[in-house]
Structures are given as structure tokens and as C-alpha cells.
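Asks: What follows is a predicted structure for the sequence shown.
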Amino acid sequence: MKIFRYIVIFFAILASASCSREPEWTDFEAHKNTEELRKQYNKYIIGTWHYEYISNNHRFFEQITFNDDGSLKGNRKWQIRKQVTVDGHEVFTDWEYIDGENGSYTGTWKLLWERNDDGNGQNTMYIYASFDIVTDDGNSFLAWSNKLVFGFADDKTLSLSGINNWNTDGWTQFQRGEAEPGF
């Protein structure tokens, strides 16, 4: 009977100790800044965004819907063409889709404040998604596996860096709302 009493007391102490303590964060500043970042921007990020880039040899369209549960759905259309010489004249080839980089996809997203290697902080957005089409070997192509620099989001614009090199300033400006590709 004494052993039973000691076991009950042990579990009571264990239960009260585990319920009364706050979580211990390895980097409290990062946790606090992440919570503030999400509180400020998640309400703007949730929803549908699109981006389009068209040049002489690239046509790119992306539309992403960010959900409040951390999931996302998107669609990408990406075409290229080459400039070649035919009979001494420069001409473009026909537009071709980039293999494995087109179609609808699903995945997850997360907004974080992280400490860089130099100790300074940075607002980041992680996006991971796979195309919905499965290949013959049972796999699917990755649509996203990126750690992006998060600039800002408001009612009209979502600003991210680290996506492509098409913009000279390094930032890609997604626009709010659904859209159709211009090509």
C-alpha cells in the first residue's frame, strides 16, 4: 500500500510540474519575432496571389493560394524559346513548356523570423510543394522547395526574394487575386 501511495504522489508531482511550466525556447527572440511577424502579416498573406513575367524568350505565370492552416495550392505555366540562326538570320524557336515545371501543385508554407549565420535576423517564408501529376516511377516533380526572404504583404502586394533572377532588384511582387496567364 505504501508503494501505491508513493507512485500516486510521484505522478501528482510530475503532472503539476509539467503543467505549470512555460515552454522553453532555444531562441526566445526568434520565437517572439516570429509571433509578431505572423500577427502582422498572416492576415494579408492568406488568399490568392499571382505573378507574371514575359520577355522575348521567357513566359512565366504563377498563381498561389495560401490557406490559414499552412497549406497551399498553386498553378504554374512556364515556357521558353531559344534564339537561333537560320540562313544567316536570327529567329526564335517555337515556345516550349519547361519539362516538370508546369501544372497544379499542393504543399505547405510557413512564415518565420530566423537568425542568420551572422547573428542578425531575417523574415523568411518557407514554401514546399509538389506538382499533382505523378510520374511513371511514382514520384512527382517539386514545384517549390524554397527558403525565401519575406519583404512584406498588404492588401495588394506580396513581396518575396529568392524566387528568380528576372527582376533586377531581386524582389518578386505577387499581386492579389486570381488571374489568367497573358499567354
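Replies: Arrived safely, thanks for sending.

Asks: E96 bridge partners, please.
Replies: Beta-bridge pairing of E96 under DSSP bridges involves I80.

Asks: right, I mislabeled it, should have said F66
Replies: The residues listed as beta-bridge partners of F66 by DSSP bridges are G47, L72.

Asks: what about it, neighbour count?
Replies: In terms of burial, F66 registers 24 neighbours under the definition other C-beta atoms under 10 Å. Where C-beta positions appear, they are placed from N, C-alpha and C, glycine not excepted.

Asks: Give me the distance between the residue most central in space within the chain and E36.
Replies: The geometric centre of the chain, computed from its C-alpha atoms, lies nearest to I127 (C-alpha atoms, centre = their mean), at 2.3 Å. When distance is defined by C-beta to C-beta, to the nearest Å, I127 is 21 Å away from E36.

Asks: V86 now?
Replies: Shown here: V86 relative to E36, a distance of 58 Å by C-beta to C-beta.

Asks: The two - which one has more neighbours?
Replies: Here V86 and E36 are compared on neighbour count by other C-beta under 10 Å; more neighbours surround E36, at 11 against 8.

Asks: Could I get the contacting residues of the more buried one?
Replies: Contact partners of E36, counting by C-beta atoms under 8 Å, 6 or more residues apart in numbering, are W113.

Asks: tell me which element it falls in.
Replies: Taking DSSP states H and E as the criterion, the element that holds E36 is helix 28-45.
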